[in-house]
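Novice: what's the 3D shape of this:
(4 chains)
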4 protein chains.
Amino acid sequence: MDGNEKALHNREAFQLERLILFTDAVFAIAITLLVIELKVPRLEHRTEHEATNALLRLIPEFIGFLISFFIIAIYWTADHRIFRFVRHLDGKLIWLNIVFLLSIVLMPFTTAYQSEYGMLATPWVLYSVNIIATGLLQARIQTYLRHPDNGIVAAHERHHPDLDLVRPLMTPLVLAVSILLAFFVNPWVLRGLPGIVFPLLGIYIGRRRQRLERIYNEQMAAEHA
Amino acid sequence: MDGNEKALHNREAFQLERLILFTDAVFAIAITLLVIELKVPRLEHRTEHEATNALLRLIPEFIGFLISFFIIAIYWTADHRIFRFVRHLDGKLIWLNIVFLLSIVLMPFTTAYQSEYGMLATPWVLYSVNIIATGLLQARIQTYLRHPDNGIVAAHERHHPDLDLVRPLMTPLVLAVSILLAFFVNPWVLRGLPGIVFPLLGIYIGRRRQRLERIYNEQMAAEHA
Amino acid sequence: MDGNEKALHNREAFQLERLILFTDAVFAIAITLLVIELKVPRLEHRTEHEATNALLRLIPEFIGFLISFFIIAIYWTADHRIFRFVRHLDGKLIWLNIVFLLSIVLMPFTTAYQSEYGMLATPWVLYSVNIIATGLLQARIQTYLRHPDNGIVAAHERHHPDLDLVRPLMTPLVLAVSILLAFFVNPWVLRGLPGIVFPLLGIYIGRRRQRLERIYNEQMAAEHA
Amino acid sequence: MDGNEKALHNREAFQLERLILFTDAVFAIAITLLVIELKVPRLEHRTEHEATNALLRLIPEFIGFLISFFIIAIYWTADHRIFRFVRHLDGKLIWLNIVFLLSIVLMPFTTAYQSEYGMLATPWVLYSVNIIATGLLQARIQTYLRHPDNGIVAAHERHHPDLDLVRPLMTPLVLAVSILLAFFVNPWVLRGLPGIVFPLLGIYIGRRRQRLERIYNEQMAAEHA
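Specialist: Reported below is the predicted structural model:
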């Protein structure tokens, strides 16, 4: 590797870093903008009683804020996990990433709509569609990373457990089920469900990951032997 | 290269990175702020019917949001593509970049105006002028990068296909035509046009780029022979 | 260290940098969003007299803005100080950091509520709870960093004065006391208190740090002897 | 330099980069938030005539937006120029920088107030005080960088023309004069003045810089002879 090749290598590395840091900035802004939709309540009478009641009436908005905060955070950690395998950048990956960001950017809007009209099914459907789209786009990015023809990921890392496709498909699955439920069950139950289902899925994903990791490490060991 | 020269080199590299990351932050904020203009609809009657209708009435705003999202994204990818050739930074390039950012920062405002009054020609003209200005400023940056006297780009990269001037002039051309059309055609047709024209231009630009790349590679090969 | 190990090392370093820069972006947005709650006053009569009076009426909001600006800044400097010891990143640290960011992101909301209804105790309690949570979460991150089993921090740096737990617990302590006072003392006195208590604590923390640093340096010297 | 020293050096370099990138993020958000104050006009009759008139009525706000955009940009380029000399970071420099950011963060607010009530002197005075404070704080940072006791800047760079104190004091001087004028001259003249005075000052600063650079280079040459 001579000086010129090294400079070119650094340049390509910086191009990748730039895409990643742009992505992170969009995530950071979207996750922080969620708070803008938590409007300061207007009190007609400036009493402690009303100040407390106004806060209690905000609880549905607050739950909506929390769910979206953690969903955006989950997708950020996913992006953080999978992009560390990227070794080359091409135009298609850049654009897949931009469309993925489109669905992240929409989240403050769909969150605000479903938080404000929590008793209706329509806003919840829109919200769920948004999250399903985000999950499918992340899965699409992963299949693109893993495909041998694209040369994005080193051959031996293509089957790394962190590129497992089951994981990004879990959240869309839960939200797809929630769309069906939205027309039948009480909205409060609906908003409580993620609090129960996601931890359970977390346990399943954790076990699955351990198993995949064991298999992966055995394969790696076998190849190097 | 002794230690001191290396430190100076790293310092200049960081100065360039700082300009680029500042640019990316402005892009990231502008593209995310677009969603703030998608206002959560106020429902008078909390019915599924009205919740759906309110969403359908938002479609013009949503199309406006989408067009601006992709136009800002196109300019970001352009900036990402051309700044990888920059080897030195001077005051003039910093200021050209800042004026370019000015027209990016204005986009959430001009987008919101034309989305809200989609039936009028005036807001569309303002919007188009904004995008035309962005495109011309990007073309100006490219001519500055390419000019041999400025010493910004290495000699052999000055004619790289990614610095081709036709590309940044395409979007302004389309929008200039749309200004003329704004006074004659139906606003919905006008907003549909980018969806047809940009993919066609994408094909043309793709072919042109392949041709330029072939020529460029032949020249490179000839010089090294 | 061969080329592959070096690449892996750089990759892990970049993963850490990415978490840190994402954190910084969230801090930067939260601290800047505070200004959005400083609403431009509406003047009924456009006179100099009313323009000045409107500003004077904004003073409580402005004090609220200032307190939050400096509290967010204090937590940023703390994060800046403690993360320089991090050598490895694991999933738990990422999520501790995300929950920490949750309480930072909420600050523009709780600040706006207590600034707008400065005469009431309830909004101040909410605001104080937010800051107390931030402080406790930072302390939690520090205990996680320091714990030998986690392998996050090098052994000899675990007792560095910058990882001292007293410091992050000071702000929560002051705010906890302020919650009790909120029901008894005049709200203006309450808002003036941080201006007196924090500088005093600053002096105490400064002295404590000098003492800890002396002890730390002696230990380091003894071990190397 | 052994491996450990190199790691420590990299760590300190990253601590400095983190401060700088945090600063840039705040600048990027403040400069982009300016556009939020450009409110989309409400049209009573959806006619081209009214759409154009509404834009013309926005001209004062737009001029206010432009002045602030370029003033924030000027301070960013100044920060970009002077921080390249920083070799070590200490707590005081971090806090000077945070107070400097406070005055940047306030600019969207003071800009909006003076744009909305352009006919009054009071909002202009507030706005000018904000910019004067920014300029003085930048000058304060420069004196801190230059002071030999602080060890922030290498000895031979302390008198570099880019650390010249006259430059950051120019903008405060112009705005201080404008405060006096605000009570006597027409507000439109007042807003037009920066458009005339700043280019003239730009020429003066440019010449002064050339002279300082010549002197600096002669000194450098003399020392190395």
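
Novice: With residue A:172 as the reference, measure out to the residue nearest the centre of chain A.
Specialist: Centroid-nearest residue in chain A, with Cα atoms, centre = their mean: residue A:75, separated by 2.0 Å. Distance, residue A:75 to residue A:172, using Cβ to Cβ, to the nearest Å: 11 Å. Using the backbone N, CA and C atoms, a C-beta is placed for each residue, glycine as well.

Novice: helix, strand or coil for the residue of chain A most remote from its centre?
Specialist: Farthest-out residue of chain A from its mean C-alpha position, per Cα atoms, centre = their mean: residue A:45, at 41.2 Å. When classified by DSSP: H, G, I helix; E, B strand; the rest coil, residue A:45 comes out as coil.

Novice: quick one on the thing from earlier: and the host helix or strand of the residue nearest to the centre of chain A, which residues are buried?
Specialist: Secondary structure assignment for residue A:75, by DSSP states H and E: helix A:59-82. The neighbour-count check on helix A:59-82 (16 or more other Cβ atoms under 10 Å in any protein chain shown) flags A:60-61, A:63-65, A:67-76, A:78-82 as buried.

Novice: quick one: the residue farthest from the centre of chain A and residue C:126, what's the gap?
Specialist: As judged by Cβ to Cβ, residue A:45 and residue C:126 stand 18 Å apart.

Novice: Could you do residue A:67 as well?
Specialist: From residue A:67 to residue C:126 the distance is 20 Å (Cβ to Cβ).

Novice: again with residue A:103
Specialist: For residue A:103, the distance to residue C:126 - Cβ to Cβ - is 32 Å.

Novice: For burial, what's the neighbour tally of the residue lying closest to residue A:63 once chain neighbours are set aside?
Specialist: Leaving aside its sequence neighbours, residue A:63 sits nearest to residue A:191 (Cβ to Cβ, 6 or more residues apart in numbering or on different chains; 5.4 Å). For residue A:191, the count of nearby residues is 19 (other Cβ atoms under 10 Å in any protein chain shown).

Novice: Next, the angle from whichever helix or strand residue A:191 is part of to helix A:59-82.
Specialist: Per DSSP H and E: residue A:191 is located in helix A:187-224. When axes from the mean of the first three to the mean of the last three Cα atoms, to 10 degrees is applied, the directions of helix A:187-224 and helix A:59-82 differ by 10 degrees.

Novice: Output stretch A:179-190 as PDB, nothing but the C-alphas.
Specialist: C-alpha atoms of stretch A:179-190 as PDB (Å, rounded to 0.1, in the frame of the first residue of the first chain):
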ATOM      1  CA  ILE A 179     -53.500  -3.000  13.500                       C
ATOM      2  CA  LEU A 180     -55.900  -6.000  13.600                       C
ATOM      3  CA  LEU A 181     -56.400  -5.500  17.300                       C
ATOM      4  CA  ALA A 182     -57.000  -1.700  16.900                       C
ATOM      5  CA  PHE A 183     -60.500  -2.300  15.700                       C
ATOM      6  CA  PHE A 184     -61.400  -4.700  18.500                       C
ATOM      7  CA  VAL A 185     -59.700  -4.000  21.700                       C
ATOM      8  CA  ASN A 186     -59.600  -1.000  24.100                       C
ATOM      9  CA  PRO A 187     -57.100   1.600  23.100                       C
ATOM     10  CA  TRP A 188     -55.400   1.600  26.500                       C
ATOM     11  CA  VAL A 189     -54.900  -2.100  26.300                       C
ATOM     12  CA  LEU A 190     -53.400  -1.600  22.800                       C
END
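
Novice: what's it in contact with?
Specialist: The contact list for stretch A:179-190 (Cβ atoms under 8 Å, 6 or more residues apart in numbering or on different chains) reads A:118-121, A:124-125, A:128-129, A:178, A:193.

Novice: Quick one: mean pLDDT for that stretch?
Specialist: Averaged over stretch A:179-190, pLDDT sits at 83.

Novice: how far out from the middle of the chain is that stretch?
Specialist: What separates the centre of stretch A:179-190 from the centre of its chain is 22 Å, taken as Cα atoms, centre = their mean, to the nearest Å.

Novice: which parts of that stretch are buried?
Specialist: Those would be A:179, A:181-182, A:187, A:190, for stretch A:179-190 by 16+ other Cβ under 10 Å.
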